[in-house]
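# Fold the following for me, if possible:
(chains A, B, C and D)
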2 protein chains.
Amino acid sequence: MTDRILQAAGEVFADQGLGATLADVAARAGVGVATVYRRFANKDELILASFEIRFRQSQTDVLRAIEEADPWTGFVEFFEGGVHLFSQDRGFREFVVGGYAESVGWARASSHDHVVTVIRRHQQFMREALERMLLRCQEAGAVRDDVHPSDLLALTMAAVSSIDFGALKGNPAIHRRVIGVILDGLRPARNAPTPLPPATSG
Amino acid sequence: MTDRILQAAGEVFADQGLGATLADVAARAGVGVATVYRRFANKDELILASFEIRFRQSQTDVLRAIEEADPWTGFVEFFEGGVHLFSQDRGFREFVVGGYAESVGWARASSHDHVVTVIRRHQQFMREALERMLLRCQEAGAVRDDVHPSDLLALTMAAVSSIDFGALKGNPAIHRRVIGVILDGLRPARNAPTPLPPATSG
DNA sequence: ACCATAGCGGAATAGTTGTTCCGCATTGCT
DNA sequence: AGCAATGCGGAACAACTATTCCGCTATGGT
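Got it, this is the predicted structure:
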């Protein structure tokens, strides 16, 4: 039953965002709210648990990028694939872009500490992995030297945030074009721009 | 008194975001909530009115960019200056990035129509101006040809959203570096990257 | 000075949502 | 079957905030 709730939470948060009601989640899971609370201390814990699969996926994505033979190819695949992950989950976007992870919104329940710990651990992992990915690219001359790992986080968030713009404008693939521009901006030098993906696909 | 309320609203929304309470605004203005409601039909109208100055500023920024002798310089100044505007107003950021302008959040009161009209007018203006700015750059060979005006909006929002990341991380200038990368990505060709601004200034 | 009135502040209202509580059903044991 | 206990659903509770209402005050005219 825990699984059914997690599944429902994942779906509801993915398409309504974090503002979705626990009543919605419960209804979707076909259970009462109390049952949700019996399995998860509070909404934050539920959100966190429902995102654990996303955390894992993100981590897998970076690792794959690092293991890719060509550093730059790995980098590009991370950006495109990793960011694509976000395009399917509005809740996860709000979670990351909105800074929920470190803002007041998460200072609610007694489980605060646990939530913060899990998030910090994930952030730490991502930070280190991104740094390695970046360094590898820079050593190979694939990425300009003046980019810092924290820039990468910010650029990722920037790219992610453009997903909502596309969704809003009925142009769901526009974030791929934004990613294209950003990737080109990260190159040390180039004679011609890498063509952007068409505005409508994906 | 209307002015005092607007002033207070501007300040409160700027540093607490759109979630700020009308009680906060009233207190800041040194008046009761009822007085706020006597001057503005509801919260949306107040928000809108308090942002009108930002709308005007944004419009001025684009126009200046278009009138700048060198198209690319104008473009850069727009991005840096225009986006800088956002860095000082969390509410305005949420308004633009969060898609408040066209999302359900604004389907509240009876003033809905008025609010939507004003926003649409501003968006229309910005869209056209950005398009002109972009075209001018492309004709001068300063910006790659495959960029579309709607990409510009998305890129602007992406850059804006990175402001919050910087604020969160205690690195308030990181959005300037994000802008730097994006601008470089918009160039048709270049031999070396344009150096990014240092991570700590501004 | 008195009165009428416009305009104010803050309490009361209404709606939303996270969280808890309670009576009931179901299940498993004897 | 009878009983106990586990676990459920939904109603009740609490907190928050947009919005409205009401009694009072201050002002301006006579």
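# got the contact list for stretch A:44-61?
Stretch A:44-61 has contacts (C-beta atoms under 8 Å, 6 or more residues apart in numbering or on different chains) with A:5-6, A:9-10, A:13, A:18, A:22, A:25, A:36, A:40, A:78, A:81-82, A:85, A:89, A:91-92, A:95, A:106, A:108-109, A:111-112, A:114-115, A:118-119, A:122, A:125-126, A:129. C-betas here are computed from N, CA, C, even on glycine.
# 7 Å instead?
Stretch A:44-61 is contacted from outside by A:6, A:9-10, A:13, A:18, A:36, A:40, A:78, A:81-82, A:85, A:89, A:92, A:95, A:106, A:108-109, A:111, A:115, A:118, A:122, A:125-126, using C-beta atoms under 7 Å, 6 or more residues apart in numbering or on different chains.
# Same question for it: list its buried residues.
Using 16 or more other C-beta atoms under 10 Å in any protein chain shown as the test for burial, stretch A:44-61 gives A:44-51, A:54-55, A:58, A:61.
# Any part of stretch A:4-16 near chain B?
No: applying C-beta under 7 Å from any C-beta of the partner chain, one finds stretch A:4-16 separated from chain B by no less than 10.5 Å.
# quick check: mean pLDDT across that stretch?
Per-residue pLDDT over stretch A:4-16 has a mean of 95.
# So stretch A:49-64, near DNA strand C or not?
No: Stretch A:49-64 does not reach DNA strand C (C-beta under 7 Å from any atom of the strand); its nearest approach is 12.8 Å.
# avg pLDDT for that stretch?
Stretch A:49-64 comes out at a mean pLDDT of 93.
# do the same with stretch A:24-39
In this model, stretch A:24-39 has a mean pLDDT of 94.
# Straight-line length of it, end to end?
Length of stretch A:24-39, first residue to last, C-alpha to C-alpha, to the nearest Å: 16 Å.
# does any part of it sit near DNA strand C?
Yes: using C-beta under 7 Å from any atom of the strand, we find that stretch A:24-39 touches DNA strand C at A:33-34, A:37.
# what helix or strand is the residue positioned nearest the centre of chain A on?
Nearest residue to the geometric centre of chain A (C-alpha atoms, centre = their mean): A:Phe86, 4.8 Å. If you go by DSSP states H and E, A:Phe86 is part of helix A:83-87.
# Show me what the lengthiest helix in chain A packs onto, helices and strands only.
Ranked by residue count, the top helix of chain A under DSSP state H comes out as helix A:112-139. Contacts defined by 3 or more C-beta pairs under 7 Å, 6 or more residues apart in numbering or on different chains; DSSP states H and E place helix A:112-139 against helix A:43-67, helix A:71-77, helix A:149-168.
# Give me every residue in chain A that's in contact range of DNA strand C.
A:19-23, A:33-34, A:37, A:42-44, A:108-109.
# Swap in 10 Å and give it another go.
Contact residues (C-beta under 10 Å from any atom of the strand) of chain A with DNA strand C: A:16, A:18-26, A:32-38, A:40-47, A:108-111.
# and those, which are buried?
Among these, those classed as buried by 16+ other C-beta under 10 Å are A:18, A:20, A:22, A:24-26, A:35-36, A:40, A:42-47, A:111.
# just how off-centre is stretch A:10-30 within its chain?
A distance of 19 Å separates the centroid of the chain from that of stretch A:10-30, by C-alpha atoms, centre = their mean, to the nearest Å.
# care to break chain A down by domain?
Chain A breaks down by automatic domain parsing into domains covering A:1-39, A:42-186.
# what's the nearest residue to A:Glu80 if we skip its chain neighbours?
A:Ile179 (6.1 Å; C-beta to C-beta, 6 or more residues apart in numbering or on different chains).
# Check the burial of that neighbour by counting its neighbours.
When neighbours are counted by other C-beta atoms under 10 Å in any protein chain shown, A:Ile179 registers 26.
# and it, what is it in contact with?
Counting by C-beta under 7 Å, 6+ apart, A:Ile179 has contacts A:79-80, A:83, A:159.
# can you check A:Leu18 too?
By C-beta under 7 Å, 6+ apart, the contact set of A:Leu18 is A:47, A:91, A:94-95, A:100.
# Pick out whichever of the residues you listed sits closest to B:Arg187.
A:Glu94 (32.5 Å; C-beta to C-beta).
# quick one: that closest one is in a strand?
No: using DSSP: H, G, I helix; E, B strand; the rest coil, the assignment for A:Glu94 is helix, not a strand.
# So for the residue nearest to the centre of chain A, what's the nearest residue that isn't a sequence neighbour?
Nearest non-adjacent residue to A:Phe86 (C-beta to C-beta, 6+ apart): A:Val160, at 4.6 Å.
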